[in-house]
Structures are given as structure tokens and as C-alpha cells.
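In: model this:
(2 chains)
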Amino acid sequence: NAGVTQTPKFQVLKTGQSMTLQCAQDMNHNSMYWYRQDPGMGLRLIYYSASEGTTDKGEVPNGYNVSRLNKREFSLRLESAAPSQTSVYFCASSLMTGYFNYGYTFGSGTRLTVV
Amino acid sequence: DAKTTQPTSMDCAEGRAANLPCNHSTISGNEYVYWYRQIHSQGPQYIIHGLKNNETNEMASLIITEDRKSSTLILPHATLRDTAVYYCIGAYSGGGADGLTFGKGTHLIIQP
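Out: Got it, this is the predicted structure:
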């Protein structure tokens, strides 16, 4: 099925380790986003890419880097994981035409635990 | 983006219409109202959005007051699978090209 695919689905890291969360969409969407969700809280935007070749910081970018590899793929990297980064990470994509957004499509999430 | 206010939780009987309110008194004239929902442990799912007129799709109806200060999402015949957190978001039509802001939403519980 068409959609947003995130890998891995689960990951346990030790403090200080690095890892990259992968996200790919096959809907020809031009905008992509990374969110994190902590227990009992709403989603918070980490980084976004409005179009291929551009990335911008969201609400909580510290400790993360991103790469918009091509139109389909948008990765999130933790260079030195900390326990405070234990969270569920969601990737999303959306179609922007002109100045209109047709709504986000989210992936199923990556559940990351840093010990 | 406009600040929105939603009840923390609501109950609804299965088979009944679920009416979820949202206040967005500071919404500007060209901001849309978007609704998403998140079923436990899954990624949020887009439901519907509107600007001024009422909207309907296969999932729900959106009723926006004439002054646009509030809206109601209606699930016409709620099922147990509609139990989820529902988010009401105000955003410009480009919106969010720079990311939507999700609050804590309304936890809707459908009772059998």
C-alpha cells in the first residue's frame, strides 16, 4: 500500500550511541516532517523539509540532524543519544500545490528507548 | 497558527453520533481548521479540514460556526474503532508547510 514507511519500528540504544531513523514515502509528496511524541503529550515537531533540498528546524531540534536524501526519503539522525530522547518518532509527508496543503500522511512510528 | 481548545475526554455510545467540539476564537480569516485522530500507538490520521463552509467526507462532517470561532467534528455512527485522540488544529492553507502544531486533543471513548 502507498504511504509512509519508517524503519526501524523499535530500537534500544545505549547513552552516547548514534543511529539514523529512516523514512520514505511513495506518494510523490514534496514536504516531509519528523515529530516526537512523549507519553501523555501531543506531537512536537523536530525538523521539516518543505521541499527537496531544504530543511528547517521545528520546535525541538536540539540533539538531532536531518537529511532530505531525495524527494522520497527524509532521515533523522541522533549523533549521541540521551535518555531524554526516549520517545516515539513519527515521520509524515504532505502534498503542497501552490499554497495549499492536502493533509499529512503519517508513518506508524519508531519506538526508541535510550538506556 | 490559531490556538485551539478541546475537552480532555468524551464518551459516546456505539452507534450514536459523536460530536467533538473545538474552540478557536483567535483563528484568522485565512486559517483552516484541520482535524486528525490518533488511534492508540499509531500515527495520526487526517480526517477533514474546512475554512468557512461545512464539509463532509466518508469519515466525518465538519461544522464551522458562522463567526468561525468554533467548530464541531461529527462522526455520524460511532464504532468502537473510533476510540482515539482527536486533534483540532488551526493552520494556514499552506499549512503547515512549516509543520502543524498538535495539542493534547480530545480522548474519545466509544462505549459498547
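
In: which SS state does the closest residue to chain A within chain B fall under?
Out: Ranking the residues of chain B by distance to chain A (CB to the nearest CB) places residue B:43 first, at 3.0 Å. The C-beta positions use only the backbone N, C-alpha and C, and glycine is treated the same way. Using DSSP: H, G, I helix; E, B strand; the rest coil, the structure places residue B:43 in coil.

In: Could you count how many residues lie near it?
Out: Other residues within reach of residue B:43, judged by other CB atoms under 10 Å in any protein chain shown, total 23.

In: what's it in contact with, if anything?
Out: A:4, A:90, A:92, A:106-109 (CB atoms under 8 Å, 6 or more residues apart in numbering or on different chains).

In: and the gap between residue A:47 and residue B:66?
Out: Using CB to CB, to the nearest Å, we find residue A:47 at a distance of 38 Å from residue B:66.

In: Kindly report the same for residue B:76.
Out: Relative to residue B:66, and taking CB to CB, residue B:76 is found at 22 Å.

In: try residue A:48
Out: Distance, residue A:48 to residue B:66, using CB to CB: 34 Å.

In: who has more neighbours, the two?
Out: Under the criterion of other CB under 10 Å, the comparison of residue A:48 against residue B:66 puts residue A:48 first, with 26 against 6.

In: Nearest residue to the middle of chain B?
Out: Centroid-nearest residue in chain B, with CA atoms, centre = their mean: residue B:35, separated by 3.5 Å.

In: Secondary structure of it: a strand, I assume?
Out: Yes. Assignment of residue B:35 by three-state DSSP places it within a strand.

In: For it, which non-adjacent residue is spatially closest?
Out: In this structure, residue B:35 finds its nearest non-sequential neighbour in residue B:47, 4.4 Å apart by CB to CB, 6 or more residues apart in numbering or on different chains.

In: Tell me how many other residues surround that neighbour.
Out: As a burial measure, residue B:47 scores 20 neighbours (other CB under 10 Å).

In: Which strands and helices lie in contact with the helix or strand harbouring residue A:48?
Out: Assigned by DSSP states H and E, residue A:48 belongs to strand A:43-49. Counting contacts by 3 or more CB pairs under 8 Å, 6 or more residues apart in numbering or on different chains; DSSP states H and E, strand A:43-49 is packed against strand A:31-37, strand A:56-57, strand A:64-68, strand A:74-78.

In: Not counting the first one itself, show me its contacts.
Out: Counting by CB under 8 Å, 6+ apart, the neighbours of strand A:31-37 from elsewhere in the structure are A:21, A:23, A:25, A:43-51, A:58, A:60, A:64, A:66, A:68, A:74, A:76, A:85, A:87-96, A:101, A:104, A:109, B:97, B:99, B:102.

In: Mind naming the longest strand for chain A?
Out: Looking across chain A with DSSP state E, the single longest strand is strand A:87-97.

In: just to revisit the earlier point, pretty sure residue B:37 is one of the things the residue nearest to residue B:35 touches, is it not?
Out: Yes. Shown here, residue B:47 and residue B:37 form a contact pair, counting by CB atoms under 8 Å, at 5.8 Å.

In: shared neighbours of these two, which are they?
Out: By CB under 8 Å, 6+ apart, the residues touching both residue B:47 and residue B:37 are residue B:86.

In: ok, and for the longest strand of chain A, which residues are buried?
Out: For strand A:87-97, burial by neighbour count (16 or more other CB atoms under 10 Å in any protein chain shown) applies to A:87-94, A:96.

In: Could I get those residues in a markdown table, plus columns for distance to residue B:111 and pLDDT?
Out: Listed next are these as a markdown table, based on distance: CB to CB, whole Å; pLDDT from 0 to 100:
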| residue | distance to residue B:111 | pLDDT |
| --- | --- | --- |
| A:87 | 31 | 97 |
| A:88 | 27 | 97 |
| A:89 | 32 | 98 |
| A:90 | 28 | 97 |
| A:91 | 33 | 97 |
| A:92 | 31 | 94 |
| A:93 | 35 | 93 |
| A:94 | 34 | 88 |
| A:96 | 39 | 72 |
